[in-house]
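Novice: Got a sequence here, can you build the structure:
(chains A and B)
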Amino acid sequence: MKAKPWEKAGLWGIRVLTYMVVLGILFVLGDIVTHGAPAVTWEFLTAMPSKAGAEGGILPAIVGTLCLLLVTIVVALPIGMGAAIYLSEYAGSDRLTEWIRLAIFTLAGVPSIVFGLLGLGLFVIFLGFGASILAGSLTLAIMILPVIIVSSEEALRTVPQSLRDGSLALGATRWQTVWRNVLPYSFPGMLTGSILGIARAAGETAPILFTVAAFYLPRLPSSVFDQVMALPYHLYILATQHPDLALVRPKQYATALVLVTIVLGVNLCAIILRNYFRKKYCW
Amino acid sequence: MKLWRKHLERVIQWGLLISATVTIIAVLLIFVFLGKEGLPALLKVPLSNLLGDRWIPVSFENPRYGVLPLIAGSILVTFLATVIAVPFGVGGATYLSEFAGRAEREILKPFIEVLAGIPSVVLGFFGLVVIGPALKSLFGLTSSLTALTGAILLAFMALPTILSIAEDALRAVPRSFKEASLALGATSWQTTWKVTLPAASPGVIAAVLLGIGRVIGETMAVMMVTGNAAVLTASPFDSVRTITATIAAEMGEVPFGSDHYRILFLIGLLLLGMTLAVNLYARRLLVGKIRRRKR
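Specialist: Numbers count the residues shown, from 1 in each chain, chains lettered A, B, ... in the order given. Below you'll find the predicted structure:
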């Protein structure tokens, strides 16, 4: 039946709503790129900050964020992937599995500031790590576990059951089957999914507020027990705490641009990799 | 089978199981540590003080820990954000799943999901320098730091969640439903609103709830743009202080073990309870939907 005029208007209405969201995103990114790009120079990326960030660069913040990410990956990746392998390859539908799934869902919905409180109470104070890369990274690792587990499990489930059955029928053990017949095909997918979680950790501020982030620390860390500056926290400080906000506006935009570039760049890589591997194996 | 192989299998299986139970342990640890640091405040600070309407924690003589303005601030911002986000989220999801072309959807959906990747501190910064001042001149306000500024940012941040999950729910409605409706002579617009959306409603509601869960817990953007004045107000043009912003702004400066410190953990526990309630209800809607379909 032909659409009535007011129905056409309604369709245009929701079309406009959808494109307003898209335009909003483009506007945010466009604003940050156009204002930030002129201030991102080689010196800005590789120099120490001076005068509370009003001059110089953001090298320690970049290095700090990368250190945090590295330790977070080392902790979260094996645990997350192990949990995903357990859920997809070993777990039956018993009470424990149900509890694990509920815990993953719960963890995914915990506000980031609550992770910050956990990190402060558990790692900084109770375990005595102090404000350090270790405390911050462990906090971030717990936060991104659900993303890694869910996306890894999804990747594992794309491997056809027949590959497992064939291997098991030939007398291979469960782990031999997983190691030789499931992981080789699912690992790229598990990895790219996990990268998405890691990208999220790079941009988070609230969990690192009390666990690692230094207000102003123009030197590079030398161990995992050091405090570091981090890009998102540095942007927060520059944008709200600096005595002369208008003066440091270009630095604010430049820091925002570097942060967005890192986070969205990592995201984009993960998505491109995923599409590449999806095409490689067609079941 | 060789004996060592058998043992290796065992060890690996246990290792994987332990990795999986880390998630349960983490959830328990959150409750244990927030409770351990926060609950003692209930014994030390009288309830009349806690339930008061004034938040003046750093007063030397008479600190007031009334959490009502903070709860009200969180609820006001969350409510406004939901009101703004729902038309965009549900309208957008409906458009993408029912009316958009295949190519259009394949481009737009991932693009909107990219928004979820923009760090909240960057959006907060954008709100601070662009949206706040724009609203100030638009409505002739005295300050650019208002609940409305925060709500707009939060709505923006909740959109990828709402849109993506609601779209999945709409697309999961069996084709036969729509075909039956169209065969009876309904237009596609009527079919969408009277058949598809009602059939997908548990999933769509769950999508909105998960978006709300995200909004209540959002910290950085809210702290940067809402002005952080702890006042009881219902006006979107006033400055508000949310639970999350209070924790983030004050935890760095409180002495360890003080009343103030414990109360910040206590409101953290409250925040956790609020988000969990919303999220778990959403999960029930989603799981219930799947069960019904399987039958």
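
Novice: which non-adjacent residue is nearest residue B:154?
Specialist: The shortest distance from residue B:154 to any non-neighbouring residue, by Cβ to Cβ, 6 or more residues apart in numbering or on different chains, is to residue B:81 (3.8 Å). C-beta coordinates here come from the backbone N, C-alpha and C atoms, glycine included.

Novice: Which pLDDT value goes with that neighbour?
Specialist: Residue B:81 is assigned a pLDDT of 95 by the prediction.

Novice: Burial check on it, number of neighbours?
Specialist: Number of residues near residue B:81 (other Cβ atoms under 10 Å in any protein chain shown) recorded here: 29.

Novice: again, but for the one 4 residues further on
Specialist: Here the count is done by other Cβ under 10 Å, and residue B:85 has 27 residues near it.

Novice: ok, it to residue B:210 distance?
Specialist: Separation of residue B:85 from residue B:210 (Cβ to Cβ, to the nearest Å) stands at 12 Å.

Novice: Kindly report the same for residue A:54.
Specialist: In terms of Cβ to Cβ, residue A:54 sits 41 Å off from residue B:210.

Novice: now do residue B:48
Specialist: 36 Å.

Novice: Which of those two has more residues huddled nearby?
Specialist: More neighbours surround residue B:210 than the other of residue B:48 and residue B:210, with 25 against 8 (other Cβ under 10 Å).

Novice: close to chain A, is the host helix or strand of that one?
Specialist: According to DSSP states H and E, residue B:210 maps onto helix B:197-217. Yes. Using Cβ under 8 Å from any Cβ of the partner chain, helix B:197-217 reaches chain A at B:210, B:213-214, B:216-217.

Novice: Hmm, residue B:50 is touching residue B:263, no?
Specialist: Yes. Using Cβ atoms under 8 Å, residue B:50 is in contact with residue B:263, at 7.5 Å.

Novice: Overlap of the contact sets of the two?
Specialist: Common neighbours of residue B:50 and residue B:263 (criterion: Cβ atoms under 8 Å, 6 or more residues apart in numbering or on different chains): B:41, B:65, B:67.

Novice: Now flag whichever of these is closest to residue A:243.
Specialist: Using Cβ to Cβ, residue B:65 is the member of the shared contacts of residue B:50 and residue B:263 that lies nearest residue A:243, at 30.3 Å.

Novice: neighbours around residue B:128, how many?
Specialist: Neighbour number of residue B:128 under other Cβ under 10 Å is 21.

Novice: wait, it sits on residue A:240?
Specialist: Yes. Counting by Cβ under 8 Å, residue B:128 does reach residue A:240; the two are 7.4 Å apart.

Novice: Remind me what the host helix or strand of residue B:271 packs against, helices and strands.
Specialist: Assigned by DSSP H and E, residue B:271 belongs to helix B:259-294. Counting contacts by 3 or more Cβ pairs under 8 Å, 6 or more residues apart in numbering or on different chains; DSSP states H and E, helix B:259-294 packs against helix A:95-109, helix A:112-118, helix B:3-38, helix B:40-44, strand B:64-65, helix B:68-94, helix B:197-217, helix B:243-250.

Novice: Now that helix: buried residues?
Specialist: Buried residues in helix B:259-294, counting neighbours by 16 or more other Cβ atoms under 10 Å in any protein chain shown, are found at B:259-272, B:274-276, B:278-280, B:282-283, B:285-286, B:289.

Novice: Might you report the residue contacts of the residue nearest to residue B:154?
Specialist: B:150-152, B:154-155, B:158, B:215.

Novice: Tell me the one among those residues nearest to residue A:244.
Specialist: Nearest member of the contacts of residue B:81 to residue A:244, counting by Cβ to Cβ, is residue B:150, at 24.6 Å.

Novice: Where does that closest one fall, secondary structure wise?
Specialist: Assigned by DSSP H and E, residue B:150 falls within helix B:147-171.

Novice: name the helices or strands packed onto that helix?
Specialist: Using 3+ Cβ pairs under 8 Å, 6+ apart, helix B:147-171 sits against helix A:5-36, helix B:68-94, helix B:102-114, helix B:120-126, helix B:132-139, helix B:197-217, helix B:220-225.

Novice: distance between the second one and the chain's centre?
Specialist: Centroid separation for helix B:68-94 versus its chain: 9 Å, with Cα atoms, centre = their mean, to the nearest Å.

Novice: mind giving me JSON lines with the residues of helix B:197-217 next to chain A and columns for pLDDT and distance to residue B:252?
Specialist: Formatted as JSON lines, the residues of helix B:197-217 next to chain A follow (pLDDT from 0 to 100; distance: Cβ to Cβ, whole Å):
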{"residue": "B:210", "pLDDT": "92", "distance to residue B:252": "30"}
{"residue": "B:213", "pLDDT": "92", "distance to residue B:252": "26"}
{"residue": "B:214", "pLDDT": "90", "distance to residue B:252": "24"}
{"residue": "B:216", "pLDDT": "92", "distance to residue B:252": "22"}
{"residue": "B:217", "pLDDT": "91", "distance to residue B:252": "19"}
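
Novice: number of nearby residues for whatever residue of the stretch 1-150 of chain A ends up closest to chain B?
Specialist: For the stretch 1-150 of chain A and chain B, the shortest gap (Cβ to the nearest Cβ) falls at residue A:111, measuring 2.5 Å. Residues near residue A:111, counting by other Cβ under 10 Å, number 26.

Novice: do the same with residue B:187
Specialist: Burial of residue B:187 is recorded as 15 neighbouring residues (other Cβ under 10 Å).

Novice: Verify the stated contact: it with residue A:8.
Specialist: No. Counting by Cβ under 8 Å, residue A:8 is not a contact partner of residue B:187; they are 10.0 Å apart.

Novice: Confirm that residue A:222 lies within a helix, as I assumed.
Specialist: No. The assignment for residue A:222, made by DSSP: H, G, I helix; E, B strand; the rest coil, is coil rather than a helix.

Novice: Report the separation between it and residue A:133.
Specialist: Between residue A:222 and residue A:133 the distance is 10 Å, computed by Cβ to Cβ.

Novice: higher neighbour count, these two?
Specialist: Set residue A:222 next to residue A:133 and count neighbours by other Cβ under 10 Å: residue A:133 wins out with 25 against 7.

Novice: in chain A, which spans are helices?
Specialist: Taking DSSP state H to define them, one finds helices in chain A at A:5-36, A:42-46, A:59-85, A:95-109, A:112-118, A:133-157, A:161-169, A:174-177, A:183-203, A:231-240, A:249-280.

Novice: which other residues reach the fourth one?
Specialist: Residues external to helix A:95-109 that are found in contact with it (Cβ under 8 Å, 6+ apart): A:83, A:87, A:91, A:142-143, A:145-147, A:149-150, B:20-21, B:23-24, B:26-27, B:210, B:213-214, B:217, B:275-276, B:279-280, B:283.

Novice: run the last query once more with 6 Å
Specialist: Helix A:95-109 has contacts (Cβ atoms under 6 Å, 6 or more residues apart in numbering or on different chains) with A:91, A:146, A:149, B:20, B:23-24, B:26-27, B:213, B:275, B:279, B:283.

Novice: Run the chain-centre distance for it.
Specialist: Distance, centroid of helix A:95-109 to centroid of chain: 20 Å (Cα atoms, centre = their mean).
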